[in-house]
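[1] missing the sequence, but the structure's below:
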Ligand code: 5GP
Ligand code: ZN
């Protein structure tokens, strides 16, 4: 399958790993939008949030279970952080493999633009 994030998970494309377990892989974003910016992906090819279902929801749980640990390892847990999922064209999704952006080290505005 010609999927960028599947290739990153397999190691075919190098990445700066920050966390890994049997269901989740996390790596530094190549174009960081904050001082700390990590992309967290399930180790299953789920194309987008539209494809989350009862069968694969465990991967999403595993991503969220990893978030506090990753945030702590980045030193952003106390001041806080933002987690973003972009879905589809209007959501700004550019890679067709479900992923969550974990960003911190600066303050984020709300409402989002
Ligand atoms: P999206 O726009 O789909 O929500 O997020 C995709 C993210 O993947 C972007 O923030 C982009 O910078 C990041 N990205 C795209 N290609 C690569 C790559 O080859 N390596 C890494 N580490 N990040 C990438
Ligand atoms: Zn994939």
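    Ah, there it is. Since this is a predicted model, take the numbers as computed values, not measurements. Numbers count the residues shown, from 1 in each chain. Ligands and ions are numbered 1, 2, ... in the order given.

[2] Off-centre distance for the lengthiest helix in the chain?
    Of all segments of type helix in the chain, defined using DSSP state H, the longest is helix 57-74. Offset of helix 57-74 from its chain centre (C-alpha atoms, centre = their mean, to the nearest Å): 9 Å.

[3] Who are the packing partners of the helix or strand that comes right after that helix?
    Tracing the chain C-terminally past helix 57-74 and defining elements by DSSP states H and E, one meets strand 81-84 next. Other elements packing on strand 81-84 under the criterion 3 or more C-beta pairs under 8 Å, 6 or more residues apart in numbering; DSSP states H and E are strand 100-104. Glycine gets a C-beta too; all of them are placed from N, C-alpha and C.

[4] report the angle between the axes of the strand it packs on and helix 57-74?
    Computed by axes from the mean of the first three to the mean of the last three C-alpha atoms, to 10 degrees, the angle separating strand 100-104 from helix 57-74 equals 20 degrees.

[5] can you start the count at 6 instead of 1 from here on
    Yep, numbering from 6; the last one is strand 105-109 now.

[6] Those residues of the protein touching ligand 2, which are they?
    For the chain, the residues found near ligand 2 under the criterion C-beta under 5 Å from the ion are 8, 10, 11, 50, 102.

[7] mind putting those residues in JSON lines, secondary structure included?
    Written out in JSON lines, the entries for the residues of the chain next to ligand 2 read as follows (DSSP: H, G, I helix; E, B strand; the rest coil):
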{"residue": "8", "secondary structure": "coil"}
{"residue": "10", "secondary structure": "helix"}
{"residue": "11", "secondary structure": "helix"}
{"residue": "50", "secondary structure": "coil"}
{"residue": "102", "secondary structure": "coil"}
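
[8] check whether the longest helix of the chain contacts ligand 1.
    No: legend: contact between helix 62-79 and ligand 1 by C-beta under 6 Å from any ligand atom is lacking; minimum distance shown is 13.9 Å.
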